[in-house]
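Asker: Using only what follows, build the 3D model:
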Amino acid sequence: MARIIIKRKPQPSFPIASSSSPSSSAPSPPESARKSPRIKLRLYRGSKECPICKATIVNRNGELKRHVERHAKLAEIEAMNVPLEPNRHGMSEDDIARAVDLWKSLPAKIRATGGVFHDGPLANKGEVSGMPEVFMATGRLKKRYMWIRKDQDSRVGRRPLKALKSGNSGAPSKEC
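Answerer: Okay, the predicted model is just below:
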């Protein structure tokens, strides 16, 4: 038995009758331009627009109400968001200054336990006691003391730069 496939010709789509008089013979736009407003209308049929930010909220029950409430909450948070003094966890000004100096000094691994620093403000000061309540064993600040490094100049490199050597120092010179 042979298989029969029937091919149908596409039916022409008729434009939606507009409210203007049908006798006007204005040139009609191409078919793709006529379809785009209908498609947009179909996509956003149940949508609403936020009166504050003009965002389109599509087909969600109560979503516009929640969206507008979120604007109010964000405005309230921004009003409260003034620069606050960080919680110093009972540290005196001397302890804070010592923690900043420890943070700027290297090697980092002895910030918690103490020792002799090779670089930074505490270099060549001899044996310095550490601050295990502020620094982890690796030398990083604990999370609740991250405010110590805020507004401090960060180090560019891990150690001081040595005198640069010529890249061709091992190569024989041409004058020989």
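
Asker: what ranges do the helices span in this structure?
Answerer: For the chain, the helices defined by DSSP state H occupy 31-43, 63-80, 93-104.

Asker: tell me which residues in the second one are buried?
Answerer: Along helix 63-80, these residues count as buried under the neighbour rule (16 or more other CB atoms under 10 Å): Leu64, His67. To be clear about C-beta, it is placed using only N, CA and C from the backbone, and glycine gets the same treatment.

Asker: any residues touching that helix, and which ones?
Answerer: For helix 63-80, the external contacting residues (CB atoms under 8 Å, 6 or more residues apart in numbering) are Lys48, Cys50, Pro51, Ile52, Cys53, Ala55, Ile57.

Asker: So which of those residues is the closest to Pro121?
Answerer: Cys53 (49.2 Å; CB to CB).

Asker: count of neighbours near that closest one?
Answerer: Counted with other CB atoms under 10 Å, residues neighbouring Cys53 total 9.

Asker: ok, now the one 4 residues further on?
Answerer: As a burial measure, the neighbour count of Ile57 was computed by other CB under 10 Å and equals 18.

Asker: Please name the bridge partners of it.
Answerer: Beta-bridge pairing for Ile57 (DSSP bridges): Lys48.

Asker: Just the pLDDT at it, thanks.
Answerer: Ile57 is assigned 82 on the pLDDT scale.

Asker: For Val100, list the residues it contacts.
Answerer: Contacts of Val100 (CB under 8 Å, 6+ apart): Ile148, Arg149, Gln152.

Asker: need the contact list for the first one.
Answerer: With contact taken as CB under 8 Å, 6+ apart, Ile148 is in contact with Ile96, Ala99, Val100, Trp103, Val134, Leu141.

Asker: Tell me how far it lies from Ile110.
Answerer: From Ile148 across to Ile110, the span is 17 Å (CB to CB, to the nearest Å).

Asker: re the thing from before, of the contacts of helix 63-80 - the most surrounded one?
Answerer: Most neighbours among those, by other CB under 10 Å: Ile57, with 18 neighbours.

Asker: my read: that one touches Lys48, true?
Answerer: Yes - counting by CB atoms under 8 Å, Ile57 touches Lys48, with 5.2 Å between them.

Asker: Most neighbours among the contacts of Ile148, which one is it?
Answerer: Trp103 (23 neighbours).

Asker: where in this structure is pLDDT low?
Answerer: 1-45, 59, 81-85, 151, 153-176 (pLDDT under 70).

Asker: mind listing the strands for it?
Answerer: All strands of the chain, identified by DSSP state E, fall at 48-49, 56-57, 114-115, 128-129.

Asker: What is the neighbour count of Pro86?
Answerer: Look at Pro86: counted by other CB under 10 Å, it has 12 neighbours.
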